[in-house]
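Asks: build me a model:
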Amino acid sequence: MGMYLNVGNDGFRSVRKGLYVDKTGLISFVNAALGTKEKLICVSRPRRFGKSYAAQMLCAYYDKNCDSDSLFRDLKIAQDPSYQKHRNRYDVIYLDVTWFISTAPRLEDVVGYLQEQVVRELAEAFPMVEESASLPMMLSRTAEATGHRFIILIDEWDALFREEKNETESQREYVQLLRGLFKSSQTDRMIEGAYMTGILPIKKYGTQSALTDFREYTMLQPQMLAEYIGFTEEEVEGLCGRYGLDFGEARKWYDGYSFRQAKSIYSPNSIVRAVKNGEFGDYWTETETYESLKYYIGMNEDGLRDAIISMLSGLRYRINTRTFQNDMWSMKSKDDVLTLLVHLGYLTYDAERKEVHIPNQEVADEFRNAVEYSGWEGISDALRESEELLEATIRGDSESVAKRIDEVHLANTSVLAYNNELSLSCVITLAYYVARKDYTLIRELPSGKGFADIAFLPRRHTDKPALIVELKWDRSAQGAISQIRERKYAGALKEYEENLLLVGICYDKDSKSHECVIERYNGV
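Replies: Below you'll find the model as predicted:
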């Protein structure tokens, strides 16, 4: 077994020894594409979403120099009619681009070094073939001499575009290499199939992809591969039941990526870490993409600050994804930055409404950390002081609550313009941001004879009271409390009635100030 040609199944064998969720349905998809015009596949997803595991799985399944039946016979793929037809039948070239970046003598030599290393292994495996310095030419000659067609797997295919901003010549050489492999007259006779995976979609030049023959499945449009982006809700619920974790908490922390074909997708690395550690937390911070988040938030490109504050307040934001050039540096608008954040996993995209939002608590915490790091005046203070606001609410200090909400409003007036109860709701959600750690926030909670504006439902790990918050625009806070009682909003929170606070907040447009009334629910 070589380092690049037919590397074997050790990688997937080690995956199977750990906590494993069966994603072998992806193999069925690739099998159906082999040898067809759909055979070139590029799947992009965020870091720590299982990209390398998928590539190692495919390598173990197709590599002809090993027998991987013991690794797959108990998995879904073994029930597929194509299982035996393609298992361990091909010469597989496996390339991890980050490996070549880290081992090449110089960055500008990466593409030449890659070709040199792979060609050397091909020459050793097929001594009857005349050696060429060009990898595409070497594969073409090998295919002609032996009749073999290769499967090529490329992990971190986009590393040169992500990590080496100034290596434009290396990037150009790399694209030319990929075109030689996958967009030449020889491709069909030497390539049976290809699977590339990375964080970014294929690089654009203008409006055109550099490799137009690839079928792409991205965080914007994963199509039928949506369930392989991460863990499905059914898979996570099964893991929580098996390992004794609270499924509701798992949903709050790591759910939120939603697509037409898969309505609820979870961050796989975070779920695995939570299972192994026996507790939920911010596990995604440990990836280098957090540095990218801080960098782009600091840019405040074209109103980016306003968009992020709106999303921190619980709103969605409409964007145009078509101008994004599929790299980390060609940012010309806030839409480009927000599209990049979708590919990095910091936002999720609703393709039907063309809107983005923050998917879950883990990612929301990262935004909070990045915003505080950025030093955005007003918003940074609001996030830091939200804990004091929550404490003032719980102890019934209505005067302090009104004062702090005044401060949040004044600091962010340009972003959250006041003109109705929805904008007031956004300010309240932002002001109480820290409450997300101990509460589930529900807007427009169906209850009694109407809808409570915001309900704060305490999580199992806390003894904090539940809150019903009613908002009024240019009316009285006491009137808000009366509405809660008259319309019996508390009925929906019957399980919390012994520890339930009613909070009425209003805004007076003449005095430009807030009023707050806090009462403990007494059963009436």
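Asks: residue contacts, the residue nearest the centre of the chain?
Replies: By Cα atoms, centre = their mean, the chain has its centre lying nearest to G345, at 2.4 Å. With contact set as Cβ atoms under 8 Å, 6 or more residues apart in numbering, G345 has these partners: R45, P46, R47, F49, M219, Y257, S267, W284, T289, P359, V363. The way it works is simple: take the backbone N, C-alpha and C, and place the C-beta from them, glycine included.
Asks: mind doing that once more with 7 Å?
Replies: Residues near G345 by Cβ atoms under 7 Å, 6 or more residues apart in numbering: P46, F49.
Asks: state the distance from it to G256.
Replies: In this structure, G345 and G256 are 10 Å apart, going by Cβ to Cβ, to the nearest Å.
Asks: also D69?
Replies: 38 Å.
Asks: pick out whichever of those two has more residues nearby.
Replies: Higher neighbour count among D69 and G256: G256, with 21 against 13, using other Cβ atoms under 10 Å.
Asks: for the more buried one, which non-adjacent residue is closest in space?
Replies: With Cβ to Cβ, 6 or more residues apart in numbering as the measure, P359 is the residue that lies nearest to G256, at 2.7 Å, once sequence neighbours are left out.
Asks: name the helix or strand for that neighbour, please.
Replies: Under the criterion of DSSP states H and E, P359 resides outside all helices and strands.
Asks: A strand includes the residue nearest to the centre of the chain, no?
Replies: No: G345: not assigned to a strand; according to DSSP: H, G, I helix; E, B strand; the rest coil it is coil.
Asks: please report how far it lies from I265.
Replies: For G345, the distance to I265 - Cβ to Cβ - is 11 Å.
Asks: then L500?
Replies: Going from L500 to I265 by Cβ to Cβ gives 34 Å.
Asks: more neighbours: which of those two?
Replies: Remark: of L500 and I265, I265 carries more neighbours, 29 against 21, as counted by other Cβ under 10 Å.
Asks: phi first, then psi, for the residue nearest to the centre of the chain.
Replies: Per-residue torsions, G345: phi 90, psi 0 (degrees, to the nearest 10).
Asks: how about L457?
Replies: According to degrees, to the nearest 10, L457 has phi -100, psi 120.
Asks: quick check: it touching A435?
Replies: No: with contact defined as Cβ atoms under 7 Å, L457 does not reach A435; the gap is 10.4 Å.
Asks: and these two? which has more neighbours close in?
Replies: More crowded of L457 and A435, by other Cβ under 10 Å: A435, with 22 against 17.
Asks: tell me the SS of the more buried one?
Replies: helix.
Asks: for the closest residue to it other than its chain neighbours, grab the count of nearby residues.
Replies: Spatial nearest neighbour of A435, excluding adjacent residues (Cβ to Cβ, 6+ apart): L390 at 5.1 Å. By the measure other Cβ under 10 Å, the count of residues near L390 is 23.
Asks: pLDDT score assigned to L390?
Replies: pLDDT, L390: 90.
Asks: residue contacts, it?
Replies: Shown in contact with L390 (Cβ under 7 Å, 6+ apart): Y432, V434, A435.
Asks: ok, now Y228?
Replies: With contact set as Cβ under 7 Å, 6+ apart, Y228 has these partners: K23, L26.
Asks: repeat that for 10 Å
Replies: Y228 makes contacts with 23-26, 29, 43, 45, 49-50, 54, 217, 222, 262, 265, as judged by Cβ atoms under 10 Å, 6 or more residues apart in numbering.
Asks: tell me the one of those residues nearest T197?
Replies: Nearest to T197 out of the contacts of Y228 is V43 (Cβ to Cβ; 4.9 Å).
Asks: can I assume that closest one sits in a helix?
Replies: No: the assignment for V43 (three-state DSSP) gives strand, which keeps it out of a helix.
Asks: tell me what it is bridged to.
Replies: Beta-bridge partners recorded for V43 (DSSP bridges): T197, Y217.
Asks: hang on, isn't it packed against Q221?
Replies: No: using Cβ atoms under 10 Å, V43 is not in contact with Q221, being 11.4 Å away.
Asks: who's more crowded, those two?
Replies: More crowded of V43 and Q221, by other Cβ under 10 Å: V43, with 24 against 15.
Asks: list the residues that contact that one.
Replies: If a contact means Cβ under 10 Å, 6+ apart, then V43 has 26, 29-30, 51, 54-55, 157, 195-198, 201, 215-218, 222, 225, 228-229 as its contacts.
Asks: drop anything exposed from those.
Replies: Listed as buried from the contacts of V43 are 26, 29-30, 51, 54-55, 157, 195-198, 201, 216-218, 222, 225, 228-229; burial here means 16 or more other Cβ atoms under 10 Å.
Asks: worst-scoring helix or strand of the chain, pLDDT-wise?
Replies: Lowest by mean pLDDT, DSSP states H and E among the helices and strands of the chain is strand 208-209, with a mean of 56.
Asks: okay, and T98 sits in which element?
Replies: helix 97-103.
Asks: what's that helix packed up against?
Replies: helix 110-125, strand 150-155, helix 159-163, helix 168-182, strand 191-198 (3 or more Cβ pairs under 10 Å, 6 or more residues apart in numbering; DSSP states H and E).
Asks: right, so of the ones you listed, which gets closest to S513?
Replies: Proximity to S513 (Cβ to Cβ) singles out helix 159-163 among those, at 48.1 Å.
Asks: which residues are in contact with the closest one?
Replies: Residues outside helix 159-163 that contact it (Cβ under 10 Å, 6+ apart): 47, 96-102, 107, 110-111, 156, 167-168, 170-175, 198-200, 202-203, 210, 288-289, 292, 325-330, 344.
Asks: would you indicate which residues of it are buried?
Replies: Applying 16+ other Cβ under 10 Å to helix 159-163 flags A159, L160, F161, R162 as buried.
Asks: may I see these organised as a markdown table, with pLDDT and distance to Y349 added?
Replies: Below are the buried residues of helix 159-163 laid out as a markdown table (pLDDT from 0 to 100; distance: Cβ to Cβ, whole Å):
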| residue | pLDDT | distance to Y349 |
| --- | --- | --- |
| A159 | 91 | 23 |
| L160 | 89 | 25 |
| F161 | 85 | 20 |
| R162 | 83 | 20 |
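Asks: could you export the residues you listed as CSV, including distance to L312?
Replies: Below are the buried residues of helix 159-163 laid out as CSV (distance: Cβ to Cβ, whole Å):
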residue, distance to L312
A159, 31
L160, 33
F161, 29
R162, 26
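Asks: picking that back up, so which of the helices and strands packed on helix 97-103 comes closest to K334?
Replies: K334 sits nearest to helix 159-163 of all the helices and strands packed on helix 97-103, at 20.3 Å, using Cβ to Cβ.
Asks: related to what we said a few turns ago, got any residues that touch both of V43 and Q221?
Replies: P201.
Asks: quick one, what contacts the residue lying farthest from the centre of the chain?
Replies: For the chain, the largest distance from the centre (Cα atoms, centre = their mean) belongs to M128, which lies 46.9 Å off. Neighbouring residues of M128 by Cβ under 10 Å, 6+ apart: R141, T142, A145, T146.
Asks: and for the second one, the neighbour number?
Replies: Just to be clear, that refers to T142. Using other Cβ under 10 Å, T142 has 23 neighbouring residues.
Asks: and it, that's in a helix?
Replies: Yes: T142 sits within a helix when classified using three-state DSSP.
Asks: low-confidence stretches in the stretch 251-400 of the chain?
Replies: Of all residues in the stretch 251-400 of the chain, those with pLDDT under 70 make up the ranges 285-290, 300-301, 374-380.
Asks: give me the common contacts of L457 and A435.
Replies: Residues touching both L457 and A435 (Cβ under 10 Å, 6+ apart) are L441, L467.
Asks: buried residues, stretch 230-250. List them.
Replies: G230, F231, T232, E233, E235, V236, E237, L239, C240, L245, E249, A250.
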